[in-house]
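Colleague: Got a sequence here, can you build the structure:
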Amino acid sequence: MIVMAGSMISSFAATILLGRSLSLNDFGEFALLKQILLIGFTVAVFGLDHGYIKYFSRNHRNNRRIHFLTFSIIIGISLLYVFGISILYPFQSKKLFFISISVCFGALNLYLAARSRVEEKFFWGQLLHSGWKIIFLVSIVFMPMFNNASPMNYVYISIPISLIVFSIIFIRILFQGSDPISDNVDIGHYLKLGLIFWLINSTGLISGGIEKMVIPLIYDSETLGIFTGSSFLFIISLTMIGSAIGYVIFPQISSGKSVNLRKVFFWILMITIFSTLLFSQFGESIVKILFTGRFDEYIDSQLIILFTIIGSLNIIHTILHFLLSAHADKKQLLIYWIITLANIVFFVLVLLMMKGTSFSLLTDISLTIILARSVKIVSILVLLKKVKNDKDGFLKVAPEAA
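Modeller: This is a model prediction of the structure:
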């Protein structure tokens, strides 16, 4: 909990510091870079972090063959992923180099974190998972000391360094204590488990942050910078609440415990009402203080309401994602993957259509996100109808999921 809270606060603070110091175009590039990396970590690890936990949770064996196989897959997918990014976005070759290193070591950290969790070393697991954000914040604090360096170049160098710090230590420990013998590990089953989680988690992350990936393609990086800075407080703060609730619900359901959905969504409604009242009264003032007035001309009361709605929908979406991931059988997970892909296409098409309207850019983007999130949420709810609930609204665990 300490590491998780520290990493969330560090990520929040680093974004605010960069929002103050970078140009709007560079801040938009940073927002895009951050989303590319977060998605890249999950894509490159190929679901083998979750697959490792699933396969070895009851009979852990520190097997060198599994480690070499996983590392090879991570390196290969990292290179393919960055090649795809280079086609979509006009990054310079040196920036692509740093992105490649970041994606590779970020994915390795996810795998190493999974292994630590299997061994019940939860502090080290969380440190590997998100501790790099704390180191990155420290590097950003010292950025003014390097006046001669380009701020964005400094960011591109700082991120891989932040990721490598923990990787180097734990990779050495990993292979020193590993068993070189095959130990009859079913490689095919291990990879199949990874593939299932890879499909769900990768498309889920893309769907959850699709606006940051698409805005630079349809508009430009400056538009993304303006949208990120204007909406940051309202969307991110509520999304973090959804993630915190989801982290609690997921193990509850996975371990066979009941979760009262009615109570969960009642509290989401209360949070939404409270946030709307709070942000309507003080939102503009808080953003002005956080970003020293850089985004004052872009924010109004209507946008604050739209941003708050997006944040509230993100809470619901995140919780439903955890519910379905923990409870669904393989067929339902496949359907969920198809729904997620369709929702990504739907978002892009709607944003292209909204571009020709008379609304402002930020309103176009916000309305598109709200529409796409709402459709996704309704789709998940329909899928969850296949899950048996009791008359009091408690979500039960199906035998296959258990």
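
Colleague: This structure - how does it break down into domains?
Modeller: Here the domain parsing of the chain from automatic domain parsing is 1-208, 212-402.

Colleague: isn't Gly47 right up against Asn201?
Modeller: Yes: counting by CB atoms under 8 Å, Gly47 touches Asn201, with 6.3 Å between them. All C-beta spots, glycine's among them, are computed from the backbone N, C-alpha and C.

Colleague: separation between Gln126 and Phe166?
Modeller: Using CB to CB, to the nearest Å, one gets 11 Å for the distance from Gln126 to Phe166.

Colleague: same thing with Met353?
Modeller: For Met353, the distance to Phe166 equals 44 Å [CB to CB].

Colleague: Between those two, which has more neighbouring residues?
Modeller: Taking other CB atoms under 10 Å, Met353 and Phe166 do not tie; Phe166 has more neighbours (21 against 11).

Colleague: looking at it, the more buried one is touching Ser130, isn't it?
Modeller: No: judged on CB under 8 Å, Phe166 makes no contact with Ser130 at a distance of 10.2 Å.

Colleague: ok now do Ile286, which residues does it touch?
Modeller: By CB atoms under 8 Å, 6 or more residues apart in numbering, the contact list for Ile286 reads Leu233.

Colleague: Now do stretch 376-390: distance to the chain's middle.
Modeller: Averaging C-alpha positions (CA atoms, centre = their mean, to the nearest Å) puts stretch 376-390 23 Å from its chain's average.

Colleague: Leu303: neighbour count?
Modeller: 20.

Colleague: just the one 4 residues further on next, same as before
Modeller: A count of nearby residues for Phe307, using other CB under 10 Å, gives 28.

Colleague: tell me the average confidence for the helix or strand containing it?
Modeller: If you go by DSSP states H and E, Phe307 is part of helix 301-327. Averaging pLDDT along helix 301-327 gives 84.

Colleague: Mind listing what's buried along the following helix or strand past it?
Modeller: Going down the chain from helix 301-327, the next helix or strand is helix 330-354, by DSSP H and E. Buried residues in helix 330-354, counted by 16 or more other CB atoms under 10 Å: 332-333, 335-337, 339-340, 343-344, 346-348, 350-351, 354.

Colleague: What residues of the helix or strand following helix 330-354 count as buried?
Modeller: Sequence-wise, the next helix or strand downstream of helix 330-354 (DSSP H and E) is helix 361-384. For helix 361-384, the neighbour count (16+ other CB under 10 Å) marks 362-370, 372-373, 375-377, 379-380, 383-384 as buried.

Colleague: quick one: helix 361-384 to helix 330-354, angle?
Modeller: 160 degrees (axes from the mean of the first three to the mean of the last three CA atoms, to 10 degrees).

Colleague: Convert the C-alpha atoms of helix 361-384 to CSV, please.
Modeller: Provided in CSV are the C-alpha atoms of helix 361-384 (Å, rounded to 0.1, in the frame of the first residue of the first chain):
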residue,chain,number,x,y,z
LEU,A,361,-12.1,20.6,-29.7
LEU,A,362,-12.1,19.7,-26.0
THR,A,363,-15.9,19.3,-26.0
ASP,A,364,-15.7,17.1,-29.1
ILE,A,365,-13.1,14.9,-27.4
SER,A,366,-15.0,14.8,-24.1
LEU,A,367,-18.3,13.9,-25.6
THR,A,368,-16.7,11.1,-27.7
ILE,A,369,-15.0,9.6,-24.6
ILE,A,370,-18.3,9.7,-22.7
LEU,A,371,-20.2,8.0,-25.5
ALA,A,372,-17.6,5.3,-26.0
ARG,A,373,-17.2,4.6,-22.3
SER,A,374,-21.0,4.4,-21.8
VAL,A,375,-21.3,1.9,-24.7
LYS,A,376,-18.5,-0.2,-23.3
ILE,A,377,-20.0,-0.1,-19.8
VAL,A,378,-23.4,-1.2,-21.0
SER,A,379,-21.8,-4.0,-23.0
ILE,A,380,-19.9,-5.3,-20.0
LEU,A,381,-23.1,-5.2,-17.9
VAL,A,382,-24.9,-7.2,-20.5
LEU,A,383,-22.0,-9.7,-20.5
LEU,A,384,-22.1,-9.8,-16.7
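
Colleague: Can you give the distance of the lengthiest helix in the chain from its chain's centre?
Modeller: The helix spanning the most residues in the chain, taking DSSP state H as the definition, is helix 221-254. For helix 221-254, the distance from its own C-alpha centre to the chain's C-alpha centre is 9 Å (CA atoms, centre = their mean).

Colleague: so what does it touch, helix or strand wise?
Modeller: Secondary-structure packing of helix 221-254 (3 or more CB pairs under 8 Å, 6 or more residues apart in numbering; DSSP states H and E): helix 2-21, helix 24-45, helix 210-218, strand 259-260, helix 261-290, helix 301-327, helix 361-384.

Colleague: Select, out of these, the one closest to Ile140.
Modeller: Ile140 lies closest, by CB to CB, to one member of the helices and strands packed on helix 221-254: helix 2-21, at 5.0 Å.

Colleague: Any buried residues in the closest one, and which?
Modeller: For helix 2-21, the neighbour count (16+ other CB under 10 Å) marks 3-4, 6-8, 10-19 as buried.

Colleague: again, but for stretch 282-299
Modeller: Buried positions in stretch 282-299, judged by neighbour count with 16+ other CB under 10 Å: 283-284, 287, 290-291, 294-295, 298-299.

Colleague: for that stretch, how far is the first residue from the last?
Modeller: 12 Å (CA to CA, to the nearest Å).

Colleague: And for stretch 345-357, what's in contact with it?
Modeller: The contact list for stretch 345-357 (CB under 8 Å, 6+ apart) reads 207, 210-211, 214, 218-219, 364-365, 367-369, 371-372, 375.

Colleague: tell me the two of the residues you listed that are most distant?
Modeller: Farthest pair in the contacts of stretch 345-357, by CB to CB: Tyr219 and Val375, 22.1 Å.

Colleague: got a pLDDT number for Phe98?
Modeller: 96.

Colleague: For it, which non-adjacent residue is closest in space?
Modeller: Leaving aside its chain neighbours, Phe98 sits nearest to Tyr156 (4.3 Å; criterion: CB to CB, 6 or more residues apart in numbering).
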